[in-house]
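Q: Sequence first, predicted coordinates after that:
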Amino acid sequence: MSANSDLIHNPILLELLSWPEVKEYLTKCKGIILPIGSTEQHGPTGAIGTDAMTAKAVALEVGKRSGVLVAPTQSYGMAEHHLGFPGTISLQSSTLANVVHDILLSLARHGFERIFLINGHGGNIATVKSAFSKVYKSVESLSLPVSTRFRCKIVSWFLVPDVFREAKQLYGEFEGQHATPSEISLTLYLEPSLQKKLCKLPKPAPSGPIYDHEDFRRRYPDGRMGSDPFLANPNHGEVFLEKASMALKEELCNFLKEQ
Ligand code: NI
């Protein structure tokens, strides 16, 4: 189920194809990558778009290496706990579940059988999985032709074991849980202008539980959870992109082959 080999090394973006081209693609490959991120605060020096930018970059790289089509990024995620900080835009969990459900169902109608979501935000995972359960039911109840072969999978680039290990090695405990130097490194590699925001910050609040946005702001006054983004570096970002896309390309290929 792999795409035409002459398409490999160029990411194929759904938004740049015409419908006959999508129809043609589907005769060769039934897989598609959907990047999903979030629009939320990333500490006093990190970009609001970090999770969407990083998910999209990894998705494009995996698309390039596999020849699998990449859908437009779902840039709004479930970030309610970050709403205490200006710039955060969140979907409620139920809204995100409906949005993801509708995207997946649209793709299923056209004959896409394997949807591979590349995620940049931990807060999306539970909701996206609930959308998967719902879409399986919808696909079945509509008796779509794909119904017996339709599968969705979510993978988070920052949880790839090689990425996680590298981050721990580079930053130790200062990788933290949010506005981490690893994700900020990737944004610096993608958008060098972000480098000038970085500055030495006071010791971060330690990582801990997440409740509502008021409690979050009280516990983590500047938005960081145990992280020191000043350790971020664009060269590290390039390494993270390489490690994430190498592992996820492999995972995608296995997912496409799965019976
Ligand atoms: Ni993030």
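A: Done, it's in.

Q: ok, residues contacting the helix or strand where Cys152 lies?
A: Element membership of Cys152, judged by DSSP states H and E, is strand 151-156. Counting by C-beta atoms under 8 Å, 6 or more residues apart in numbering, strand 151-156 makes contact with 36, 104, 113-122, 124-125, 128-129, 132, 135, 248, 251, 255, 258, all of which sit outside it. (Each C-beta comes from the backbone N, C-alpha and C, glycine too.)

Q: Now the buried members of those.
A: Buried members of the contacts of strand 151-156, counted by 16 or more other C-beta atoms under 10 Å: 36, 104, 113-122, 124-125, 128, 132, 135, 248, 251, 255.

Q: re the thing from before, just the contacts of strand 151-156: which are in helices?
A: Counting by DSSP state H, those place 104, 125, 128-129, 132, 135, 248, 251, 255 in helices.

Q: Just say helix, strand or coil for Lys32.
A: One correction, residue 32 is Ile, not Lys. Using DSSP: H, G, I helix; E, B strand; the rest coil, the three-state assignment for Ile32 comes out as strand.

Q: That one contacts Gly111, correct?
A: No: assessed by C-beta atoms under 8 Å, Ile32 is found out of contact with Gly111, at 10.4 Å.

Q: Look at these two and report which has more neighbours.
A: Using other C-beta atoms under 10 Å as the criterion, Ile32 and Gly111 rank with Ile32 on top: 24 against 16.

Q: distance of Arg151 from Leu256?
A: As defined by C-beta to C-beta, to the nearest Å, Arg151 lies at a distance of 10 Å from Leu256.

Q: what about the strands in the chain?
A: Ranges of strands within the chain are 31-36, 69-70, 114-119, 151-156, based on DSSP state E.

Q: Please name every helix or strand in contact with the second one.
A: Strand 69-70 sits against strand 31-36, helix 50-66, with contacts defined as 3 or more C-beta pairs under 8 Å, 6 or more residues apart in numbering; DSSP states H and E.

Q: Around the closest residue to Thr39 other than its chain neighbours, how many other residues sit close by?
A: Counting by C-beta to C-beta, 6 or more residues apart in numbering, the nearest residue to Thr39 once its immediate chain neighbours are dropped is Ile89, at 4.4 Å. Around Ile89 there are 14 other residues, counting by other C-beta under 10 Å.

Q: Take the strands of the chain and lay them out in JSON lines including distance to the ion and mean pLDDT.
A: As requested, the strands of the chain are arranged in JSON lines below (distance: least, C-beta to the ion, whole Å; pLDDT from 0 to 100):
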{"stretch": "strand 31-36", "distance to the ion": "12", "mean pLDDT": "98"}
{"stretch": "strand 69-70", "distance to the ion": "20", "mean pLDDT": "98"}
{"stretch": "strand 114-119", "distance to the ion": "10", "mean pLDDT": "98"}
{"stretch": "strand 151-156", "distance to the ion": "10", "mean pLDDT": "98"}
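
Q: contacting residues around the closest residue to the ion within the stretch 151-259 of the chain?
A: At 4.9 Å from the ion, Glu183 is the closest residue in the stretch 151-259 of the chain, using C-beta to the ion. By C-beta under 8 Å, 6+ apart, the contact list for Glu183 reads 42, 46, 50-51, 54, 120, 158.

Q: out of these, who's nearest Tyr220?
A: Using C-beta to C-beta, His42 is the member of those that sits closest to Tyr220, with 11.7 Å.

Q: That closest one touches Asp222, doesn't it?
A: No: assessed by C-beta under 8 Å, His42 is found out of contact with Asp222, at 10.6 Å.
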